[in-house]
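# Provided below are the primary sequence and the corresponding predicted coordinates.
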Amino acid sequence: MSVWSQLSRLLTVDDTIIDEDFSLIGDDEGEDGDQAQEDAQQDRPHKKKSQPRSQTSDQESKQKTDQKTEQKSEQQAESEPPMERTKRGFVKPRKIGAQARQQEPKEKAEVPAPAARKSKVKLQQKKRQQPAPAKETVQPPQKKPDHQVKVPDQVPDELSANLSVNRAMVENIFFLPQNADVIIRDFTITSDTPIKAIAVFLEGMSDKTIINNNILEPLMLFSGLPAHDTTRTRVQMVKERLLPGNQIMEFGKWDDVKNGILSGSTALFLDGADKALLMETKGWEHRGVSDTKTETVVRGPHDAFNENLRTNTGLVRSRFRSERLITEMMQVGVLAPTDIAIMYVQGLTNKKLVGEIRRRIQAIDIDFLQDSGTLEQLIEESRKSFIPKMMATERPDRVAAFLSEGFVAIFVGHSPYVLIAPSLLFSMLHTAEDVYIAFPFGTFIRIIRFVAFVIAILLPGTYIAVTNYHPEMIPTDLMLTIASARERVPFPAVVEVLLMELALELIREAGIRIPNVIGPTIGIVGALILGQAAVEAGVVSPLLVIVVAVTALAAFTMPNYNMSFAVRTLRFVFIFAAAGWGFYGITLAIMVTLMHWATLKSFGVPILSPLAPRQKASMDVILRGPVYRNEVRPVSLRPQDAVRQEKIIRKWAPEVRDSAEAKHKMLEDMKQPTLSPRNDVQVEPKFREGGDTDD
């Protein structure tokens with residue numbers, strides 16, 4: 001075939017194969033699609049010139065190859081199992097036999113459309129003109145399988161006692177053999193009566209060493225079970241005598257078995273048993289415990305959470321060693337479930353708070369939960385405010401500290417950040433290092449942090465208000481300096497500030513996305529070069545560069561990442577308010593912001609508590625008081641035990657030991673019988689000083 005004929009064939013547009021309503025052709029419509037393609041080939045205009053014999057032979061060979069490929073595609077379409085759609089729209093395999101084909105609806109037997117009838121007539125005429133070759137008329141006999149296992153169309157709830165049926169159901173659920181991650185290991189357990197068994201696990205999710213040493217080796221080499229009549233006894237004997245695993249569970253429903261396999265466990269099916277054993281063999285690769293990335297401290301622990309859920313809960317439990325620390329497990333996700341853990345202290349955390357968090361998580365209907373940030377957006381109150389209503393932390397020591405005060409920690413699988421609920425505004429301005437240093441230094445650092453919080457929000461707006469509306473509020477010398485510096489700037493103060501703020505946000509975003517090797521360098525050098533070039537070009541004034549730099553430094557002091565986003569967003573609100581009305585606009589924006597914050601709640605707790613509403617609290621709110629003066633927990637949480645510690649805890653100090661209150665306390669302790677540490681723990685402690693016994 002010549003090059004020109006190939007090009008003309010590629011450039012030819014056939015309108016007969018274009019339909020107004022585009023739809024993907026299904027398995028049942030394959031014949032119509034082939035007929036339409038053949039009709040289109042017939043309707044295509046022929047060349048007037050006669051073709052050589054070599055070209056005709058090439059065409060005949062090409063037609064033969066096309067027929068072979070069509071036959072192969074039809075065989076593959078018949079071999080592939082059809083898909084059954086569930087109520088949520090997901091598809092799963094469904095094997096149809098001869099009975100199912102007979103039960104198909106008879107709507108296809110209706111009168112076909114005119115286009116279909118025309119194509120069918122043309123196809124019949126073509127077949128009469130061109131008889132099929134002899135090779136196609138003779139069909140080889142089909143070999144029947146040795147054994148045929150009947151699999152129901154839908155996955156049943158209970159397991160079957162037939163091992164072949166269970167194996168077929170596993171292949172049906174996990175789309176075998178298309179799915180290459182699922183491994184099925186067939187073996188035989190040696191006993192008085194040999195027992196056939198299969199082990200099912202996921203490649204990459206399970207540890208092969210554990211499977212070989214703790215499952216296959218004991219069952220294949222060291223087994224020797226006597227024959228038993230009941231299948232339940234057989235499962236129990238294998239579980240109790242042959243499997244040395246530390247965590248083995250017995251399930252009889254397919255949903256439990258499927259979720260266990262997807263979680264990394266290995267499922268063991270025995271012939272003649274309608275139960276399956278799930279053994280803990282999780283062993284996928286994950287990042288180890290490393291240093292913190294966003295909450296670094298100078299003094300204090302440096303370990304942080306990673307992407308393993310059980311590692312994260314273990315880091316918290318290693319610090320908070322109490323039998324009253326409860327971890328509840330649940331899953332969220334219809335298409336791909338994600339593990340979620342709720343951690344709280346029994347007898348301390350408010351039961352209503354735990355129940356509300358549990359209710360919101362269980363009410364989520366989503367296909368796949370990606371991260372803890374997605375869960376935060378799904379369970380928190382309305383996102384009409386810039387202030388986050390949940391705190392995310394990567395430090396185990398902070399989570400343990402919050403749990404001791406009555407908060408609830410929410411862990412999400414494959415997420416290195418743990419959510420703390422409820423969230424208070426003042427808690428987001430605290431760091432873990434505040435507790436590890438003496439209270440004078442901690443108080444000083446907190447004062448600087450609160451001042452930086454105000455500067456990061458109000459400083460650019462204050463600059464605009466002073467330069468545009470209220471120049472009389474600053475000294476004359478400073479006013480003349482600002483005026484002379486802005487003499488060459490062609491833009492108003494609002495445009496000048498917005499340009500610098502946008503440039504700063506670009507540098508910040510670029511520093512995050514650029515690789516770590518050159519990221520900090522780009523941030524520092526980029527800011528210096530852009531600032532110097534903008535001043536020399538007369539685009540901005542030198543004083544504005546100082547204002548924007550101080551604002552950026554103040555924003556970097558925010559210990560919480562979500563809180564820093566809120567500060568950066570609120571800054572633009574005050575910039576526009578100052579550009580419109582000066583200090584009056586700033587005052588109005590402050591009042592509206594405070595009133596809005598006063599109405600916000602996080603799981604029923606006001607975020608401005610204990611200041612609004614005013615409640616009894618310890619000194620560890622705005623300032624950093626002494627550790628021995630923090631007697632009460634946050635009353636706004638309504639904990640079951642509102643007292644954190646006694647008023648007198650430094651009993652060794654002379655001023656405390658010789659006081660009248662200490663002597664009275666000592667006399668009372670001498671009158672009471674001595675309690676063991678185990679008996680001293682109260683499972684359901686009552687409220688003390690502000691607690692509430694209501695659920």
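Right, received. Where do you want to start?

# tally of neighbours for V539?
Using other CB atoms under 10 Å, V539 has 18 other residues around it. Bear in mind the C-beta positions are built from the backbone N, C-alpha and C, glycine included.

# same thing with I622?
15.

# Output the contacting helices and strands for the helix or strand hosting V165.
Assigned by DSSP states H and E, V165 belongs to helix 163-173. Applying 3 or more CB pairs under 8 Å, 6 or more residues apart in numbering; DSSP states H and E, we find helix 163-173 packed against strand 91-93, strand 182-189, strand 195-202, helix 254-262, strand 266-270.

# what is the orientation angle of that helix with strand 266-270?
Angle, helix 163-173 to strand 266-270, by axes from the mean of the first three to the mean of the last three CA atoms, to 10 degrees: 150 degrees.

# Let me see the mean pLDDT of helix 163-173.
Average pLDDT, helix 163-173: 94.

# again, but for stretch 363-381
Computed over stretch 363-381, the average pLDDT equals 94.

# next one: stretch 629-643
Stretch 629-643 comes out at a mean pLDDT of 89.

# With stretch 413-421 instead?
Average pLDDT, stretch 413-421: 95.

# what's the first-to-last distance across that stretch?
End-to-end distance of stretch 413-421 (CA to CA, to the nearest Å): 17 Å.

# just how off-centre is it within its chain?
The chain centre lies 9 Å from the centre of stretch 413-421; the measure is CA atoms, centre = their mean, to the nearest Å.

# Kindly report the same for stretch 642-657.
45 Å.

# and what of stretch 515-532?
With CA atoms, centre = their mean, you get 32 Å for stretch 515-532.

# list the buried ones in it?
Residues 523, 526-527, 530-531 are the ones in stretch 515-532 that count as buried (16 or more other CB atoms under 10 Å).

# In helices only, show me those.
When DSSP state H is applied, those are split such that 523, 526-527, 530-531 fall in helices.

# out of the helices and strands packed on helix 163-173, which comes closest to N312?
helix 254-262 (19.9 Å; CB to CB).

# which residues touch stretch 280-294?
The contact list for stretch 280-294 (CB atoms under 8 Å, 6 or more residues apart in numbering) reads 201, 204-211, 214-215, 245-248, 263-266, 302-304, 306-308, 311, 315, 394-395, 561.

# In JSON lines, list the buried residues of stretch 515-532 along with distance to V170 and pLDDT.
Below are the buried residues of stretch 515-532 laid out as JSON lines (distance: CB to CB, whole Å; pLDDT from 0 to 100):
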{"residue": "G523", "distance to V170": "53", "pLDDT": "68"}
{"residue": "G526", "distance to V170": "56", "pLDDT": "74"}
{"residue": "A527", "distance to V170": "59", "pLDDT": "76"}
{"residue": "L530", "distance to V170": "61", "pLDDT": "82"}
{"residue": "G531", "distance to V170": "64", "pLDDT": "84"}
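
# What subset of the contacts of stretch 280-294 is buried?
Using 16+ other CB under 10 Å as the burial test, the contacts of stretch 280-294 include 201, 205-207, 210-211, 214-215, 245, 248, 263-266, 304, 306, 308, 315, 394-395, 561 as buried.
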